[in-house]
Every structure is written in structure tokens, then in C-alpha cells.
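J.: What follows is a predicted protein model with its sequence.
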Amino acid sequence: MLCHLARTVEAAGGWLHVLGLRDGQKSRLPGGDVSTETDSATRDDEPWHFEDKSIMLKKHLFLLRAIKRLPANTTVVFVDAFDVLFQRPLEELLQSYERIAGPAARASAGTWPVVYGGELNCWPFPHRGRIRVRSPSGKGAHWIHKIPPDASQSANHHGCWRYPGHYSALHPQNISGDQVCTEWLAQRGDPSKAPTDRSEDGKGDPPPPTNFPFLCAGTFVGRASALRRLLHRLFVLFRETQEYHDQALIPLLLLRDQQLGIVDDAAEIFLGLHGHDEFWDLERPLCRGSYFSDQRSAAEVKAGSFKEGFGVPRMRDSGSIVPPAVLHFNGNGKRHLWRCAEEFREQGILGGEGEETAECTFFDHDRRAWYRYG
């Protein structure tokens, strides 16, 4: 899948830079790696168990090193795995980033936030699919956020841990892991956009979920200055808490300081496909032979670019004015991955005849070398 990702980045107008291919094992986190002898080690029964407990934070260390000398206003797009396909030009992705992050930058005297991909599910902290959220009006008022059944999954991660720090007026000194999902929605959720299991008239199917309120730590975009600021703070928080799961640590950081980052909750940049219903969420079904509105043969597609008018579907009723720029096949969204790879290949976006003969070019940042296959 590395070549599939690299080829779509090239078609979008850029080059893929790969981090950690050589230095992944020997690199150490600031303050030392997580010991397997402590209670912060990943349990063997957790669904995302890794032998190296530090692996999920190391990618952020590699990124911090890679962008150390980049100009402050350089925009960086990061994905943490190869289960990703780009489908819009990078120039349009940048426009979406500036549209989403611009208001926050103007409100904070030009300090740009990082924009993270959104998710339907709160992961990895404990929940049961129904999250009771206090209303901003207070006085005991609350609302219920129901995670769609196909997306709902909990790792029951560190529910009893107490994370020090000021997170809100309700949690001025610390917060427990089993309070994070509800606190996240209290600060950043919108009850009017919460998924429902009923149609408006109470008779038909419920409307599709169009809001992705939870943070995905594996897809994000930001100015180099914003990323350096956030990543430095991230490793300070790691030393304070010893929380090694980036999907847990980054929401904790943003609960402490909302100016550091926001979530692309309308899937304008990143569409996280975990829990996604291909016949429900999009204007057209996902990669079913009619995904691209402008159907052409591979010979008609100019290599290395998405042609003008090469249309992909928007999210239904989400309020987003553009289609997602990036498809992220996270979680059970991987069930769509190979079918989409084949449709992208049929349209000439991917080269070769399959995984073994894929064509691509990418830059290995560790070795400071270009590689070309095919």
C-alpha cells in the first residue's frame, strides 16, 4: 500500500516523504521509552496491542525532527500509515485547511492551529456507545451522543488513570480516562449534529451521520510552526502522564489548550472510513464503478495529476462545500480499501496491475534518498 499512497500523493501534486523506515527501532522518546515493566504497558488483550509500547508516539518524534528547519509558514500534511488514498489536488486541500483553520488563526493573532481528521468513534477511552454530555447551559441539563453501532468500539483504555492538569471548570486539577469522551463532547460537540437512530417523521431510516466530532491522531495538517508548537507540548505532557497512546494523549492536550488544534468534523479534508456506510454517507457509493463522476479510461488520464473536473462525491447533508481530499481506511474501513484501489487503478491514478507491480516514487527521509518502483 505504500506505493498506492505515494502514487495518489503524486497525482495530487506532491511527493510522499516517508519517515521511520530506518530509525524506528533505535529512536527513543524524550525522557525515555515506555517500560514494559510498569502499569503503563499495553495489555496483551487490548485490540491494538504492540510489543513496543512507544511506537505510537515515535511517529510524532520523527515528524518533529523532519520539520525542525522548515519555514514557519510551510504547510505539512501527515498520515501515519499506508491505508490512505488522496483524491483531490493538494492545492485544494490547502484551501480547505485555510478555510477551516483561518477563523481560529485570526482570533489568536495569527497563531494557526493543527487540523485533525475526525472520527465517528471515541477511541481508545472507555464508553458504551451512548455518551451523556453536560449542556453548556449547566444547571443539570445534558444531552446524549449516540455513536453509530458500526463505528462504536472501546478499548477500555486507562479508564481509571487520573491525568493531572486543568481541563475545564469541572476538571480543574485532573481528569480520569473514563471522563474524557464526555468532556471532549462538552467542549467541542454540538447536540444539533449528534447522530440519531430516528428519522424526522419517526417512520423511515435515520439520517446518515454527517459529523465526525472525535479526533483521529493519524491524519492531520498544519503549518510547520503550529506542528512544532503542538509536538513540543505533546512530549511535555507525555513526561507528565506517561500516556503512550497518541490517540489518547493528543485529545488530553487539546482539552487543556483548545488553540493548539481543531477537528475537521465535516470531513472536508480527511474522511475517516471506520463505521462508514458507503450507500448512506456519500452522494455516490464508495468505489462501486461510478465513484468518479467523470469516467475515463486510464489512457485518458494525464499521469501525475488529477484533471480538472475529476469529480469525487461530497458527504451528504454535512454542510461541507467540497468533497473530502483524503480517504483514510482506518478501523473497519479497511473493508473498502482494495476495492477503492482497483477503481483508482482503472481510472489511471494508480500504476501497475496490482500490489506486486505497483508503480510509485517516494523520498525516504531517514536515508535521504529517492526510491522509484515500477
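T.: Nice, thanks for sending it over. Numbering: from 1, shown residues only.
J.: quick one: the helices in the chain?
T.: For the chain, the helices defined by DSSP state H cover 2-11, 55-66, 90-107, 180-188, 224-241, 246-256, 337-346.
J.: can those helices go into TSV with extra columns for mean pLDDT and distance to L271?
T.: Using the backbone N, CA and C atoms, a C-beta is placed for each residue, glycine as well. Output for the helices of the chain, formatted as TSV (pLDDT from 0 to 100; distance: least, C-beta to C-beta, whole Å):
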stretch	mean pLDDT	distance to L271
helix 2-11	93	14
helix 55-66	92	21
helix 90-107	96	12
helix 180-188	96	19
helix 224-241	97	22
helix 246-256	97	18
helix 337-346	92	11
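J.: got any ranges where the stretch 1-150 of the chain has weak pLDDT?
T.: Counting by pLDDT under 70, the stretch 1-150 of the chain has low-confidence residues at 23-28, 31-52, 136-140.
J.: Please repeat the previous calculation with a cut-off of 50.
T.: Where the stretch 1-150 of the chain drops to pLDDT under 50, the residues are 38-42, 47.
J.: ok, back up a step: the helices of the chain into TSV, with extra columns for distance to H276 and mean neighbour count?
T.: Putting the helices of the chain into TSV (distance: least, C-beta to C-beta, whole Å; neighbours: other C-beta atoms under 10 Å) gives the following:
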stretch	distance to H276	mean neighbour count
helix 2-11	18	24
helix 55-66	23	20
helix 90-107	19	16
helix 180-188	20	21
helix 224-241	27	18
helix 246-256	18	22
helix 337-346	12	18
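J.: list the contacts for the nearest residue to C122 once chain neighbours are set aside?
T.: Nearest non-adjacent residue to C122, counting by C-beta to C-beta, 6 or more residues apart in numbering: C181, 4.0 Å away. Shown in contact with C181 (C-beta atoms under 8 Å, 6 or more residues apart in numbering): C122, F125, P126, H127, I131, F214.
J.: for L120, same thing?
T.: The contact partners of L120, by C-beta under 8 Å, 6+ apart, come to I147, P148, A151, P195, P209, F212, F214, G272, H274, G275, H276.
J.: pLDDT score for the last one?
T.: pLDDT for H276: 85.
J.: surely it meets L286?
T.: Yes - contact criterion C-beta atoms under 8 Å: H276 and L286 qualify, at 7.4 Å.
J.: Between those two, point out the one with more neighbours.
T.: Counting neighbours by other C-beta atoms under 10 Å for H276 and for L286 shows that H276 has the greater number, 29 against 21.
J.: Near the residue nearest to the more buried one when sequence neighbours are not counted, how many residues? Count them for me, please.
T.: Nearest residue to H276, sequence neighbours excluded (C-beta to C-beta, 6+ apart): G333, at 5.7 Å. Residues lying near G333 (other C-beta under 10 Å) number 21.
J.: G333 contacts L273, correct?
T.: Yes - counting by C-beta under 8 Å, G333 does reach L273; the two are 2.8 Å apart.
J.: one step back: dump the helices of the chain to a markdown table, plus distance to R162.
T.: Below are the helices of the chain laid out as a markdown table (distance: least, C-beta to C-beta, whole Å):
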| stretch | distance to R162 |
| --- | --- |
| helix 2-11 | 39 |
| helix 55-66 | 20 |
| helix 90-107 | 30 |
| helix 180-188 | 11 |
| helix 224-241 | 9 |
| helix 246-256 | 12 |
| helix 337-346 | 38 |
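J.: Y371 is nearest to which of the ones you listed?
T.: Checking these against Y371 by C-beta to C-beta gives helix 2-11 as the closest, at 9.1 Å.
J.: For the spatially closest residue to F220 that is not a sequence neighbour, which residues are in contact?
T.: Leaving aside its sequence neighbours, F220 sits nearest to Y116 (C-beta to C-beta, 6+ apart; 4.5 Å). Taking C-beta under 8 Å, 6+ apart, we find Y116 in contact with L215, C216, A217, T219, F220, I250, G261, I262, V263, D264, F270.
J.: again with G118
T.: Each residue near G118 by C-beta under 8 Å, 6+ apart is listed here: 211-216, 263-267, 270, 272.
J.: Among those residues, which one lies nearest to R69?
T.: F270 (26.5 Å).
J.: Quick check: the gap between the closest one and V115.
T.: Per C-beta to C-beta, to the nearest Å, F270 is found 8 Å from V115.
J.: more neighbours, these two?
T.: F270 (30 against 25).
J.: Tell me the bridge partners for the nearest residue to that one once chain neighbours are set aside.
T.: In space, and not counting its chain neighbours, F270 is closest to G117: 3.1 Å by C-beta to C-beta, 6+ apart. G117 has these beta-bridge partners by DSSP bridges: C216, D264.
J.: count of residues packed around G117?
T.: Close neighbours of G117, defined as other C-beta under 10 Å, add up to 27.
J.: Look up how far E342 lies from it.
T.: Going from G117 to E342 by C-beta to C-beta gives 24 Å.
J.: do R128 as well
T.: Taking C-beta to C-beta, one finds R128 at 37 Å from E342.
J.: swap in T196?
T.: Applying C-beta to C-beta, the value for T196 to E342 is 34 Å.
J.: do L254 as well
T.: Plainly put, L254 is 37 Å away from E342 if you go by C-beta to C-beta.
J.: ok, now N156?
T.: The spacing between N156 and E342, counted by C-beta to C-beta, is 36 Å.
J.: same question, G165
T.: Distance of G165 to E342, given as C-beta to C-beta: 47 Å.
J.: next one: W280
T.: Between W280 and E342 the distance is 22 Å, computed by C-beta to C-beta.
J.: Kindly state the pLDDT recorded for Y163?
T.: Reading off the confidence values, Y163 has pLDDT 97.
J.: who's it bridged to?
T.: Note on Y163: beta-bridge partners by DSSP bridges are I175.
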